[in-house]
Structure formats: structure tokens, C-alpha cells
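# Here is my input; please provide its structure:
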Amino acid sequence: MITAGADDRTTELCKLWPIESFDNLMKQAQDNVNSNLEQNSRHLCNGIKTSQLPAQPLVPIPKSPDRLAEVKPIDPKAAKEISELKGHQGAVRSVAFSPDGQTAWVSNYEMYGDGFSGTADDVCSPEQNHAQSFLYRINTQGLTIDRAVQVGAVPKYVATTPNNRYVLASNWCSWDVSVIDPVQNKEVRRIQVGAYPRGIAIADNQIAYVAVMGSADVAAINLTDFSVNWLRNVGNAPRHLNLDPAGKYLYATLNGEGQVAKIDLATQAVVAKVATGNAPRSMTISGDGQFLYVVNYDSDTISKVRTADMQVVQAIAVNSAPIGITYDNDTHQVWVAAYSGSIQVFQD
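I've put the predicted structure just below:
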């Protein structure tokens, strides 16, 4: 059972206060971060209304720098890449971490400055010649951008292979997938998949499944020879993908029909669907594979789905426009980010 507090009052949502500007945040953090963490940890998800929480950030996580002029390059090649982009700014969409957690790859779905249009349209095509964008490689120890790797137009989602062989980015407006070699720090392949590639899930370092949201299909990219096979007719506008821990099933949110599909990878067939709400977008899966957690963007809800029989076992109202969700296996907490400007934490 997902709760927002120990007393099960799910309407009293556990909310992390929005992080303020980087400068203000660091000023606060200098003197009182430890006391803040100790104080706030006693309140978080204990059924206390958000109005009773201290009006300050719970965790002083600095924002990743947007401007490359603020970056401290670590070697000459990085310095050259970054100097060529000084004065430009990106709009962050997605982040993926290397298996060792030392590197974060961040997609900039829009770029601003000379030579960039600064537009990332929902409806677009390769013929419109949108500017190519960049992934930033961030050193998580120093929180510095040390590489900028060019990819396609409007990269939406980023994923890393478990063996760290490749980083993949789905490019919304160029209708393709970029394959980056993190050792060479460059794009080594560009693979066309059709209109509006979105979520990516990687199986056994061998196959990258890509939801092609402008269709009813999921692309299956072989990461050895880069050939493309297809899971056809999984449902209207597949958006986000999750693999079960055993690698037997693939789950897809179907943004266009308000359902989540369960796909048997052995037969490549949809074996079940369940309605969760209007516009199911992001989704996450528990470590044991028993439950999915889905944000329903237009319903302002999250749904907990039992994977064994694909039944919704719980639905909870959340803040407006929920868009991101993740599950912490250590704490069994569900974290929900909303475009309306909040992060909410629920205890499962």
C-alpha cells in the first residue's frame, strides 16, 4: 500500500520543497545543511501536512550548470568542445547514470544561442531541419560538465547499457536514435526508427527497445550489428518502457489509449493490458518486478499495478501534471515529479 505518511492519510502528500536558485541554496547549505537534514528527515513521510514542513530545501542538491561558460573542463579536448559552445544554453530533459554512478549523461532537448533555433516542437519532422542538440557528460563527484557530445534533434530520453558500452538517446524531431561510445565520447551510430522515438529499455546489453510514440510499435535495436526488428501493434502511442528483472516481459505505457501493455518477449505479443488513467506517461518497476508505478498525466494520479495479473491495486491523487516517477528499492519509496512544481514522496 502506497501511503504519504505512517498514518495512511494519503491526501496529506509528502512534498519536497522546490529547490531555490543555486546561489541561495548554497548560502543556506554552508551553515545549516546538517541540522536541516536531521530535522526534515523526522518529518518526511510521517503524515505531517506540507504546511507544517520547514520552508527550505530538504536536500541541498545543486542544479547542474546550464551555461557551458560555467564549466571547468578537465582536459584539452573537453576544453575545445566546450569553448565552441560557450554562450549557449540547454534545456534539460532526461538523465541517465553510468553503472558505477560516476557519470551522468544529460539530454538537452533544446539549445539556445547563435546557430540554434531554440524550439522543440511536439509536432516535428526531419524535413524541418531542427538544430542538432547535445548530451552533456557530468562528473558526479565534482558536478562539472566535462564533455558535450552532439546527437540528433530534440533528444528526449537517455539510457546507458549495463556494461557501459553505449549510451543511447532518442531524438524526437530527427526521428532517430543516437548511439554514443562513452570511451570515445562521440556518436558512433544514428539509427532511424520513425516518428517520435521516446522511452528506451535495454536487455542483457544486447537489445535496446525504443518506444516509437508516433506509431503503435516498439523498435528492437540489436546493439551488436545495429539492425532493427519490431514489436508491432503494442498499442496507441507507446511512451515509456520497463523490463522486468528476469527479462521475460516488457511493459509499455500507451499514452494514446490510457493503458499499460505487458509484452511477452519470447512471443513478441501483448499478453495483457490495463487501464490506468488518462495519458499514462512515465513508469517505474519495483526491484522484484511485482509492481509497476505509473503517472497518469491528464488524470493527476499515480497507479500501482500488479504485474502478475495486470490489475490496478491502488490509485492516488497527486499534484497537477505528474510527469516523472521512480522507485527506491532500499526504502520502498515512490518519488513523483510534477510539472506543476513539486516532488512528492510516498511510502509503499
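# Compute the number of surrounding residues for S340.
12 (other C-beta atoms under 10 Å). In this view, the C-beta of every residue, glycine as well, is placed from N, C-alpha and C.
# how about the nearest residue to it, chain neighbours excluded?
S320 (4.0 Å; C-beta to C-beta, 6 or more residues apart in numbering).
# again with Y327
In space, Y327 is closest to T284, 4.5 Å off (C-beta to C-beta, 6+ apart).
# Near the one you found, how many other residues are there?
For T284, using other C-beta under 10 Å, the count is 19.
# Near the residue nearest to S340, how many other residues are there?
Neighbours around S320, by other C-beta under 10 Å: 11.
# Correct me if wrong: it contacts S299.
No: S320 is not in contact with S299 according to C-beta atoms under 8 Å; the separation is 10.5 Å.
# From I285, how far out is N329?
Plainly put, N329 is 10 Å away from I285 if you go by C-beta to C-beta, to the nearest Å.
# likewise R190?
As judged by C-beta to C-beta, R190 and I285 stand 29 Å apart.
# ditto for D298
D298 is 22 Å from I285, where distance means C-beta to C-beta.
# and the two? which has more neighbours close in?
Taking neighbours as other C-beta under 10 Å, D298 and I285 compare with I285 leading, 20 against 14.
# Enumerate every residue touching that one.
I285 makes contact with N242, L243, D244, P245, Y251, F291, L292, Y293, T307, Y327, according to C-beta atoms under 8 Å, 6 or more residues apart in numbering.
# surely the fifth one meets A261?
Yes: in terms of C-beta under 8 Å, Y251 counts as a neighbour of A261; the distance is 6.9 Å.
# Burial check on the closest residue to G287 other than its chain neighbours, number of neighbours?
Sequence neighbours aside, N329 is the residue nearest to G287 in space, at 3.8 Å (criterion: C-beta to C-beta, 6+ apart). As a burial measure, N329 scores 9 neighbours (other C-beta under 10 Å).
# Wait, N329 touches S286, no?
Yes: the pair N329 / S286 is scored as a contact, 7.0 Å apart, by C-beta under 8 Å.
# wait, is Y293 part of a helix?
No: under DSSP: H, G, I helix; E, B strand; the rest coil, Y293 falls outside any helix and is assigned strand.
# What residues are bridge-paired with it?
Residues in a beta bridge with Y293, per DSSP bridges, are T284, K304.
# I'd guessed it sits against Y327; true?
Yes: with contact defined as C-beta under 8 Å, Y293 counts as touching Y327 (5.8 Å).
# Looking at these two, which is more packed in?
Comparing Y293 with Y327 by neighbour count (other C-beta under 10 Å), the higher total belongs to Y293, at 26 against 19.
# Model confidence score at the nearest residue to Q268 once chain neighbours are set aside, please.
Spatial nearest neighbour of Q268, chain neighbours left out: L231 (5.3 Å); criterion: C-beta to C-beta, 6+ apart. Predicted confidence (pLDDT) at L231: the value is 98.
# The one 10 residues further on too?
As predicted, L241 sits at a pLDDT of 98.
# quick revisit: give me the common contacts of Y251 and A261.
Contacts common to Y251 and A261, judged by C-beta under 8 Å, 6+ apart, are absent.
# A strand includes N278, no?
No: counting by three-state DSSP, one finds N278 to be coil, located in no strand.
# Pretty sure it sits against G256.
No: contact criterion C-beta under 8 Å: N278 and G256 do not qualify, at 10.5 Å.
# In three-state terms, label E127 for me.
Relying on three-state DSSP, one would call E127 helix.
# Could you check how many residues crowd around it?
By other C-beta under 10 Å, 6 other residues sit near E127.
# Could I get the contacting residues of it?
Under the criterion of C-beta under 8 Å, 6+ apart, E127 has no neighbours.
# and the gap between it and D181?
Distance from E127 to D181, by C-beta to C-beta: 29 Å.
# picking up where we left off before, need the contacts of I285 in a markdown table (columns: distance to A338).
A markdown table is the format used below for these (distance: C-beta to C-beta, whole Å):
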| residue | distance to A338 |
| --- | --- |
| N242 | 20 |
| L243 | 26 |
| D244 | 27 |
| P245 | 28 |
| Y251 | 22 |
| F291 | 21 |
| L292 | 19 |
| Y293 | 14 |
| T307 | 25 |
| Y327 | 17 |
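# Tell me which of the residues you listed fall in helices.
The members of these all map outside helices under DSSP state H.
# Whichever of these end up buried, select them in PyMOL.
Burial among these is assessed by 16 or more other C-beta atoms under 10 Å; the matching PyMOL selection reads:
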select buried, resi 242+243+244+251+291+292+293+307+327
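# mind checking pLDDT for the residue nearest to G287?
93.
# State the phi and psi torsions of it.
Main-chain torsions, N329, degrees, to the nearest 10: phi -70, psi -30.
# Quick one: the strands in the stretch 201-348 of the chain, in order.
Remark: strands assigned in the stretch 201-348 of the chain by DSSP state E, counting those that start in this stretch are 207-212, 217-222, 228-231, 238-243, 249-254, 259-264, 269-275, 280-285, 291-296, 301-306, 311-317, 322-328, 333-338, 342-347.
# what packs against the first one?
The contact analysis (3 or more C-beta pairs under 8 Å, 6 or more residues apart in numbering; DSSP states H and E) places strand 207-212 against strand 167-171, strand 197-203, strand 217-222, strand 238-243.
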